[in-house]
Structures are given as structure tokens and as C-alpha cells.
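*Asks:* what's the 3D shape of this:
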Amino acid sequence: MVVEIVLLSIVSVRSLNFTEHISGDCLDDNNNKNNNNSTTDILLQRQKRQTQRSSKCASTGMNWNKYQSAKTINNYIQCLSSKYRGKATLINIGRSTQGQQLKIVHVRSGTGSKRAIFIDGGIHAREWISPAAVTYILRELVENSNSYKSLLSKFDFFILPLMNPDGYEFSRSKNNRLWRKNRSINSQGGCKGVDLNRNFSYKWGGKGSSNNKCQEHYRGPRAFSEPESRAVRDFIMSRRKQIKMYLTFHSWGQMILYPWGYDRRVIAKDKRDLDRVGKVGARAMGRRYQVGPAATVNYEAAGASDDWAKGAAGIKYSYTVELPDTGKYKFTLPSSRIARTGLEATRAVTAMANELAKTDV
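*Replies:* Alright, predicted model coming up:
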């Protein structure tokens, strides 16, 4: 398995020698789709067999064959911190609206402080593939850490698999599959929940957000009104000098987006740098991903976490990764796609981190 996953790590950096060419802001992988899928299938089967044999946390029930409950995800990261002491450390950063603990896994190799990458998932309840992919990345970095020695020698990782556990669990209940927000109770009654990705302070209250508490994009009564967004803010701000890249995983659309998202008329001064690293990630995905400013490639959205990470926390490289698909399943990606999506996400993170390592940030 060490040899097999080392192969994965190597091809992650080289994007599996994919020969897609970039036209504008899109990555075209049509020419090599069959070959790429075949390679990915082989790697997935090898990883699946090895994981079944060697996972120290198999007793938690965690796997990537189905979408897991918040409880299973929590048990899994708790197990990682217990079985892999020195590699995975749990950090409790607060509690959700309904009192669930918000836990970050600090993944590292060796001692001392290195540059860090922050990754979060599950900010929107219905985007189940997000925490599934983020836990897959976490599994790779911790349980297969020998395959990522070079990467972990350069960076620490702070990984929050599930930012919105209340909303996520609610979306798993009957007839609530497409719930988006958290589950906060508004002081004046009525509709519940705030869109956490409109609740960050940078340009809060602007385009793409709503002051109507019954709307999906309800921004909350004020910036950082929600315990989940406050917990992330406080953690990142306390380590803002260490964190050099922010990655937040969403679905759907197959896009790698960077600031600015609050207004399509505003272009980041370092767009060229952001675009370069984003396209490295897109190539590593091995399928067609659009890359560009969030407001133009996707839509305008003020108060989002990626804009805040760059504009307020000062993290130069900030990205929203919109995972598959491109419209057939939208938020209800079949569970049979989890492992492939997780593998692709791991390749993208590896490639982007290695590109980041070349910079002086």
C-alpha cells in the first residue's frame, strides 16, 4: 500500500500527467476522460482494499461508501486523535446553535510551527459531498501520512469537516434534504436558520444576501450573529499569520473560485496569482473545472467566508471549491460518487499546496 499511495502522491503533483489544455478559465479534459477514469478506478480499488485492512478507526463505522451522520464523523475524528497522537490533535473551537461541538483536526508532522492550510466543509447543510470529501482528505493525511511526507514537512493542516452540524443533521431527516442554513431560532419567531456563508463580516449585507429570514440566503441580523461563523472567525484570526491558504468545500458546479465574490465589478489585485494556483488545482482534479473570480464565474455573494478570509484575515490564497456535479444530480450526488470525488479533492489540495510552497507568502 505504501508504494501504491506514494504513486498517488506523486501523480497528485504531476496531475497524473493529464494533458488537458486550459482555454480561458476552463479546464478541458475531454480528450483524456477515459484514460483518467481508468487510472482513478484502479487507485480507488487499491485504496479501498487497503483501508478495509488497515484503518485503526474502522470500528467507528466511517467509510466513503455512503454519507455519514454527524455522530459518525465526530466519532471518526475523535478516534484519529486517539490512535494517531502527534499526527492528529483535536481542537474544540466552540459549539453550534444547538450545542454540538465544533472540532478542528490539527494535522502535522514533527514538531515546531509550519505554514498552515485551513480546510472546512459542510457550511451548507444540503451539500453532503462536502464533509464527505473533507473527511476523505483528512483520512489520507492522517491514516496514510507516510504517502504525504513531503507535503506534511511543508505544511500543517487545520481541518474542520463539518461547520454546520445542526443543519446537516436536519437535512438528513424526512422531507428536509435540501435545507441550506443552520438551525438558529430568530428572536422574533418565524422561519429558522441563517445562511452561514452570508454571515461573515467582509462586505456583509451586500449583493446576493437577504434580510428576509425566510429566504435561503438570509444573512442574519448582523455579521457574525451565529456561533458557527464566530468560532471559525476566532480560530482563524488567532492563527492568521500562520495560515497561508483557506479552502472551503461546497457543491455543486465543478468550480474553483477565488475573491472577489461580493461584486463582479471588483477584481482582486493579485488575480494572476490566485488564478495560477486555482488552475493547478483544477488540473489535478482530472475533470472539467471552471476557475475564476466567484462573482463572475458563479454569482455575487456578499458576506461569504472566502472573501472574509482574504479581505479581513489577510489570507492571500483563498478559494471556494465547488465539487461535482454540473447539474444532473446537483445537491444529491449519489453515494457511489463519494470516493472518486474525495480522491480528486485530495489531488487538488496536494497540488495547490505544492504550488503554494513555491511562493514566499
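*Asks:* all helices for this structure, in order.
*Replies:* 2-13, 33-54, 70-83, 129-143, 149-154, 165-171, 227-238, 271-285, 294-297, 305-311, 338-356 (DSSP state H).
*Asks:* could those go into JSON lines alongside mean pLDDT and distance to Arg264?
*Replies:* Every residue, glycine included, has its C-beta placed from N, CA and C. Below are the helices of the chain laid out as JSON lines (pLDDT from 0 to 100; distance: least, Cβ to Cβ, whole Å):
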{"stretch": "helix 2-13", "mean pLDDT": "35", "distance to Arg264": "32"}
{"stretch": "helix 33-54", "mean pLDDT": "57", "distance to Arg264": "31"}
{"stretch": "helix 70-83", "mean pLDDT": "98", "distance to Arg264": "35"}
{"stretch": "helix 129-143", "mean pLDDT": "98", "distance to Arg264": "24"}
{"stretch": "helix 149-154", "mean pLDDT": "96", "distance to Arg264": "34"}
{"stretch": "helix 165-171", "mean pLDDT": "98", "distance to Arg264": "28"}
{"stretch": "helix 227-238", "mean pLDDT": "98", "distance to Arg264": "24"}
{"stretch": "helix 271-285", "mean pLDDT": "98", "distance to Arg264": "13"}
{"stretch": "helix 294-297", "mean pLDDT": "98", "distance to Arg264": "4"}
{"stretch": "helix 305-311", "mean pLDDT": "98", "distance to Arg264": "13"}
{"stretch": "helix 338-356", "mean pLDDT": "98", "distance to Arg264": "24"}
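*Asks:* can I get those in CSV with mean neighbour count?
*Replies:* Formatted as CSV, those follow (neighbours: other Cβ atoms under 10 Å):
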stretch, mean neighbour count
helix 2-13, 16
helix 33-54, 14
helix 70-83, 19
helix 129-143, 26
helix 149-154, 16
helix 165-171, 25
helix 227-238, 20
helix 271-285, 21
helix 294-297, 22
helix 305-311, 26
helix 338-356, 24
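*Asks:* of all these, which lies closest to Asn197?
*Replies:* helix 305-311 (5.9 Å; Cβ to Cβ).
*Asks:* related to what we said a few turns ago, of the helices of the chain, which is nearest Gln215?
*Replies:* helix 165-171 (15.0 Å).
*Asks:* wait, doesn't Glu344 sit right on Arg288?
*Replies:* No. Glu344 is beyond contact range of Arg288, at 11.6 Å (criterion: Cβ atoms under 8 Å).
*Asks:* thinking again about what came up before, for the helices of the chain, which one sits closest to Gly190?
*Replies:* Of all these, helix 165-171 comes closest under Cβ to Cβ, at 16.7 Å.
*Asks:* hey, where'd the strands end up in the stretch 101-250 of the chain?
*Replies:* 101-107, 115-121, 155-160, 243-251 (DSSP state E, counting those that start in this stretch).
*Asks:* tabulate these (JSON lines), appending distance to Ser187, mean neighbour count and mean pLDDT.
*Replies:* JSON lines is the format used below for the strands of the stretch 101-250 of the chain (distance: least, Cβ to Cβ, whole Å; neighbours: other Cβ atoms under 10 Å; pLDDT from 0 to 100):
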{"stretch": "strand 101-107", "distance to Ser187": "22", "mean neighbour count": "21", "mean pLDDT": "98"}
{"stretch": "strand 115-121", "distance to Ser187": "27", "mean neighbour count": "24", "mean pLDDT": "98"}
{"stretch": "strand 155-160", "distance to Ser187": "27", "mean neighbour count": "24", "mean pLDDT": "98"}
{"stretch": "strand 243-251", "distance to Ser187": "28", "mean neighbour count": "25", "mean pLDDT": "98"}
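*Asks:* mind pulling up the pLDDT for the nearest residue to Val142 once chain neighbours are set aside?
*Replies:* Using Cβ to Cβ, 6 or more residues apart in numbering and skipping the chain neighbours, the partner closest in space to Val142 is Ala88 (4.8 Å). We have a pLDDT of 98 for Ala88.
*Asks:* for the nearest residue to Arg230 once chain neighbours are set aside, grab the count of nearby residues.
*Replies:* Nearest non-adjacent residue to Arg230, counting by Cβ to Cβ, 6+ apart: Phe224, 4.9 Å away. Residues lying near Phe224 (other Cβ atoms under 10 Å) number 19.
*Asks:* wait, doesn't Phe224 sit right on Leu196?
*Replies:* No. In this structure, Phe224 is not within contact of Leu196 by Cβ under 8 Å, at 10.1 Å.
*Asks:* return the backbone torsion pair for Trp128.
*Replies:* Here is the backbone geometry of Trp128 (degrees, to the nearest 10): phi -60, psi -30.
*Asks:* next, the contact list for it, please.
*Replies:* For Trp128, the contact set (Cβ atoms under 8 Å, 6 or more residues apart in numbering) comprises 67, 168, 171, 331, 333.
*Asks:* please repeat the previous calculation with a cut-off of 7 Å.
*Replies:* Going by Cβ atoms under 7 Å, 6 or more residues apart in numbering, Trp128 touches Tyr67.
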